[in-house]
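Q: just need the structure, nothing else, for what follows:
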Amino acid sequence: MSEKRKRLSRKESQEQTRQRLLEAAVTVFAKKGFSRARLDEVAEHAGYSKGAVYSNFKSKEDLALAVLDQHREQQLKAIANQVLTHGNNKQFWIERAQTGSQSSDLLSIELWVQAQHNEALRERMVERNRQANNTIAKILSAEDEPSAKHYDFVNLIGALSTGLAIRYALDPDPNLIELWSTIATKLYREVQDE
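A: Numbers count the residues shown, from 1 in each chain. Got it, this is the predicted structure:
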């Protein structure tokens, strides 16, 4: 007996298209960078027309932000499930750096550069960054009201991570990850000893 395939609803089909476009964008942005990537390349990689991209995303910036949002959501879930248990362990931070996506870090950096000359993009990125910082600070405070120390930790780790992404992209020296994880562990212990 052959099983009949369940036909997707319109909403499910749209979500599947959107997800395939996001996956294609990750690949194209990683390969070509934000500036050189074209939306028709993303569409072709996903197996759709350029119109499918525009029916799901307003612009290339909108698509890139959606890629970063999806990556950030995955990272926040991983952090929420592990940081309070393993944040004291240097190996945890090494694994965070190694499993973090260099391509999404580089995409963020390219968008930050674009945002210096695009006020609307800058505002969108600042808001996303603030939301992520608030979420991480709440995770660190175990859902109590985060202190200034929690926010300082989040800001310092973010700044160090950005620097790591830039340096590692130019020269993938494993000592950079080792140094970053040592500092992250010390900062984490300090914020938890509060």
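Q: per-residue confidence averaged over stretch 108-117?
A: Mean pLDDT, computed over stretch 108-117, is 92.
Q: tell me the buried residues in it?
A: 108-111, 114-115 (16 or more other Cβ atoms under 10 Å). Glycine gets a C-beta too; all of them are placed from N, C-alpha and C.
Q: residue 180: how many residues sit nearby?
A: 21 (other Cβ atoms under 10 Å).
Q: ok, now which ones touch it?
A: 93, 97, 160-161, 164 (Cβ atoms under 8 Å, 6 or more residues apart in numbering).
Q: now these in a markdown table, with pLDDT and secondary structure?
A: Formatted as a markdown table, the contacts of residue 180 follow (pLDDT from 0 to 100; DSSP: H, G, I helix; E, B strand; the rest coil):
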| residue | pLDDT | secondary structure |
| --- | --- | --- |
| 93 | 85 | helix |
| 97 | 77 | helix |
| 160 | 88 | helix |
| 161 | 84 | helix |
| 164 | 84 | helix |
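Q: using JSON lines, lay out the buried residues of stretch 108-117 together with distance to residue 47.
A: Formatted as JSON lines, the buried residues of stretch 108-117 follow (distance: Cβ to Cβ, whole Å):
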{"residue": "108", "distance to residue 47": "27"}
{"residue": "109", "distance to residue 47": "29"}
{"residue": "110", "distance to residue 47": "25"}
{"residue": "111", "distance to residue 47": "26"}
{"residue": "114", "distance to residue 47": "28"}
{"residue": "115", "distance to residue 47": "31"}
